[in-house]
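1. need the 3D shape of this:
(2 chains)
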2 protein chains.
Amino acid sequence: MLEYDIMKENNNLGKLFVVSGPSGAGKGTICKRIIEEIKEPKVELSISMATREPREGEIDGVHYFFTSKENFEEMIKAGGFLEYAKVYGNYYGTPKEKVVEKLSQGVDVILEIDIQGALNVKKAYEQAVLIFVVPPSMEVLRGRLEGRGTDSIETINMRLAETLKELTYMDQYDYVVVNDDLEEAVKGAKCIFQAEHLKSTDQINNIVKAYKEEN
Amino acid sequence: MLEYDIMKENNNLGKLFVVSGPSGAGKGTICKRIIEEIKEPKVELSISMATREPREGEIDGVHYFFTSKENFEEMIKAGGFLEYAKVYGNYYGTPKEKVVEKLSQGVDVILEIDIQGALNVKKAYEQAVLIFVVPPSMEVLRGRLEGRGTDSIETINMRLAETLKELTYMDQYDYVVVNDDLEEAVKGAKCIFQAEHLKSTDQINNIVKAYKEEN
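-> Have a look, this model is predicted:
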């Protein structure tokens, strides 16, 4: 659980957005554009922690925080993760402290994580806003994965089958952005961020305060 | 109640937006801009029905549908209103049929009505999205009302007192738009319309259908 009781009185909390979607849906590009283009409030990407070896070109503190399994397991015991998972013997997780720090500074935070992680975050922190990014069709997704030239036909077929399975989780998300035209998808995603800050639950205390001070 | 059971299967239903706020908050201007600027899906303003005499310059079918008290009361009996109220002996209401017709055509509909009406609409049709427009402060509101030059100081004071009362209903609305800078307020309101169409509940059936057709 996120320890938010003391923060409930703080109306300038940042918002926690969780972005998921099949590989090739373009969620990374959309998140990057959001972070670059939304100025107020600032939006930052949460960096996950991982126990696997860095791949070529991966930088500690940029792509992941790399750490040992021992340290990761100690952090689990101390309740230090908002969500974590073990995949092929390695741990991946979202360190809670950094997220709470950003939110308490009024900064919006994006977690770009998988469905299981997203649903765990929602359980721990129900105010989290879950966004699912999907390609417009399986055909387009196949084209994008083939276009990368990095995956075998077997891997691509496996990913497409996984995508069909993942779609059944869409109803547990708050929003679905179809990434057909990238500009439209970015525009839609940015609107979600803005509209969420216009929710009455976010605005009321500040407005009532402003009005009462005058009267 | 809106008879929506048969329409629940229709994924291309328009959305019903209800806009309220104190006199001088600028809700009329914001609604006008939304109707002009949002092209997809189309947005239309619902025209209320009234039993009072048209004022100078008011056109039947543009500002209101003017009708007799007898006709209005018959429509009430027939369940023909989404909401209605009697104010100083005259009836005002939102005819249900036209709203349902537009929504079923995939057109978004705006009702610009008072708080009591808005809450009644939400009771009848819980999918309705309620937006409250407020001025940034009482001082600004006073300035705007005085600037109009149409109201006496007593009327203005009464309106300001009413506004303070109305603010207590904000928590029953979904969104609050503060109209400080008009362009920002219009941008925010337009984002609410767009984001509401990205809600997963709206998108899932269409997406699953599109994906299944291919496979």
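
2. in stretch A:45-56, what's buried?
-> By 16 or more other Cβ atoms under 10 Å in any protein chain shown, the buried positions in stretch A:45-56 come out as A:46, A:47, A:48, A:49, A:50, A:51. No exception for glycine: its C-beta is placed from N, CA and C like everyone else's.

3. which non-adjacent residue is nearest the fourth one?
-> Counting by Cβ to Cβ, 6 or more residues apart in numbering or on different chains, residue A:65 is the residue found nearest to residue A:49 once chain neighbours are left out, at 4.5 Å.

4. next: the fifth one.
-> In this structure, residue A:50 finds its nearest non-sequential neighbour in residue A:64, 4.3 Å apart by Cβ to Cβ, 6+ apart.

5. return the residues in contact with that neighbour.
-> The neighbours of residue A:64, taking Cβ atoms under 8 Å, 6 or more residues apart in numbering or on different chains as the test, are A:47, A:48, A:49, A:50, A:54, A:58, A:92.

6. tell me the helices and strands packed up against whichever strand or helix holds residue A:110.
-> Using DSSP states H and E, residue A:110 sits in strand A:108-112. Contacts defined by 3 or more Cβ pairs under 8 Å, 6 or more residues apart in numbering or on different chains; DSSP states H and E place strand A:108-112 against strand A:16-20, helix A:27-37, strand A:43-45, helix A:96-104, helix A:115-124.

7. let's see it at 6 Å
-> strand A:16-20, strand A:43-45 (3 or more Cβ pairs under 6 Å, 6 or more residues apart in numbering or on different chains; DSSP states H and E).

8. so what are the sheet partners of it and their directions?
-> Within its sheet, and counting by DSSP bridges, strand A:108-112 is paired with strand A:16-20 (parallel), strand A:43-45 (parallel).

9. what's the following helix or strand after the last one?
-> Helices and strands here follow DSSP H and E; after strand A:43-45, the next one along the chain is strand A:49-50.

10. now do that next one: everything it contacts.
-> Residues external to strand A:49-50 that are found in contact with it (Cβ atoms under 6 Å, 6 or more residues apart in numbering or on different chains): A:64, A:65, A:66, A:67, A:92, A:93, A:95.

11. do stretch A:111-124 as well
-> By Cβ under 6 Å, 6+ apart, stretch A:111-124 touches A:1-2, A:18-20, A:31, A:46, A:82-83, A:94, A:128, A:130, A:169.

12. between these, which is closest to chain B?
-> Nearest to chain B out of these is residue A:130 (Cβ to the nearest Cβ; 8.3 Å).

13. so who does that closest one touch?
-> With Cβ under 6 Å, 6+ apart, residue A:130 has these contacts: A:18, A:118, A:122, A:173, A:174.

14. mind checking the SS state of it?
-> strand (DSSP: H, G, I helix; E, B strand; the rest coil).

15. list just the nearest of the contacts of residue A:64 to residue B:161.
-> Using Cβ to Cβ, residue A:47 is the member of the contacts of residue A:64 that lies nearest residue B:161, at 51.6 Å.

16. excluding sequence neighbours, find me the nearest residue to that closest one.
-> Using Cβ to Cβ, 6+ apart, the nearest residue to residue A:47 is residue A:65, at 5.9 Å.

17. the one you found - that's part of a helix, no?
-> No. Counting by three-state DSSP, residue A:65 is not found in a helix; it is strand.

18. and residue A:63, what's its pLDDT?
-> Note on residue A:63: pLDDT of 90.

19. gap between it and residue A:81?
-> Separation of residue A:63 from residue A:81 (Cβ to Cβ, to the nearest Å): 18 Å.

20. of these two, who's got more company?
-> The neighbour comparison of residue A:63 against residue A:81 (other Cβ atoms under 10 Å in any protein chain shown) goes to residue A:81, with 23 against 14.

21. ramachandran coordinates for the residue lying closest to the more buried one once chain neighbours are set aside?
-> Excluding its sequence neighbours, the residue lying closest to residue A:81 (Cβ to Cβ, 6+ apart) is residue A:93, at 4.2 Å. For residue A:93, the backbone dihedrals (degrees, to the nearest 10) come out as phi -160, psi 170.

22. can you pull the contacts of residue A:93?
-> Per Cβ under 6 Å, 6+ apart, neighbours of residue A:93: A:49, A:81, A:84.

23. want to try CSV for those, with pLDDT and distance to residue A:204 as columns?
-> Conversion of the contacts of residue A:93 to CSV gives the following (pLDDT from 0 to 100; distance: Cβ to Cβ, whole Å):
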residue, pLDDT, distance to residue A:204
A:49, 96, 36
A:81, 95, 32
A:84, 95, 35
